[in-house]
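Asks: next comes the sequence, and after it the predicted model I'd like to discuss.
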Amino acid sequence: MIYLLMLLAFLADRASKWWAAAYLAEHGPTQVNAFFTLVETYNRGIAFGMFQGVGPLVGWLTLGVLIGLFIYLHRLPRHQWLSRMGLAILIGGASGNLVDRLFVGEVLDFIQTPLPTGIFNLSDVLIYVGLALVIGGDAFHGRQKAAESRVMEESSPPP
């Protein structure tokens, strides 16, 4: 199930970029509402457009990090389902940008908001959602483990 979630996140990113490229080529920049504008931008750097021109290097570094995260996901106990879901979404989203960085040398960003985050894509959203779920899962499972430990301490006879 976790690997299916990872695949779905990856495919959602790829489909959104395919759609955005086709739509924006035909219609140009489009204001969806006061908060969202669709605009075609290519990022050759890292997050938020920093360090332009280092895309391929970042791509190879990202590959190493993703391999590490995949190994961590594989070793994470199944009862830590929220953290596992978060890692799957994060890995799937980051893999979408990785494909662009390694094979094209740049990433299509197309969602613009008035927030200081600039222009981003669905992959970036998936990375942040996945990270939030991992952090939330760690907190949730940590409290759950602490509660289980207290119950075991209270139920065991004193020495």
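Replies: Alright, I've got the coordinates.
Asks: for the protein, which segments count as helices?
Replies: 2-27, 55-75, 81-103, 122-155 (DSSP state H).
Asks: nearest the geometric middle of the protein, what residue?
Replies: Ile127 (1.6 Å; C-alpha atoms, centre = their mean).
Asks: was I right about that one contacting Leu90?
Replies: Yes. Look at Ile127 against Leu90 with C-beta atoms under 8 Å: they come within range, at 5.5 Å. Just so you know, the C-beta spots here come from the backbone N, C-alpha and C atoms, and that holds for glycine as well.
Asks: low pLDDT regions in the protein?
Replies: In the predicted model, the chain carries pLDDT under 70 at residues 46-56, 143-159.
Asks: now Ile89: closest residue in space that isn't a chain neighbour?
Replies: Gly130 (3.6 Å; C-beta to C-beta, 6 or more residues apart in numbering).
Asks: out of the helices of the chain, deepest packed?
Replies: helix 81-103 (a mean of 22; mean count of other C-beta atoms under 10 Å).
Asks: for that helix, which helices and strands make contact with it?
Replies: helix 2-27, helix 55-75, strand 107-112, helix 122-155 (3 or more C-beta pairs under 8 Å, 6 or more residues apart in numbering; DSSP states H and E).
Asks: give me the angle between it and helix 55-75.
Replies: For helix 81-103 against helix 55-75, the angle between stretch directions is 150 degrees (axes from the mean of the first three to the mean of the last three C-alpha atoms, to 10 degrees).
Asks: now helix 81-103, how far from the centre of its chain.
Replies: 5 Å (C-alpha atoms, centre = their mean, to the nearest Å).
Asks: for stretch 16-25, same thing?
Replies: On C-alpha atoms, centre = their mean, the centre of stretch 16-25 falls 20 Å from that of its chain.
Asks: please list the outside residues in contact with it.
Replies: By C-beta atoms under 8 Å, 6 or more residues apart in numbering, the surrounding residues in contact with stretch 16-25 are Thr30, Leu38, Val39, Glu40, Gly96, Asp100, Leu108, Phe110, Asn121, Leu122, Ser123.
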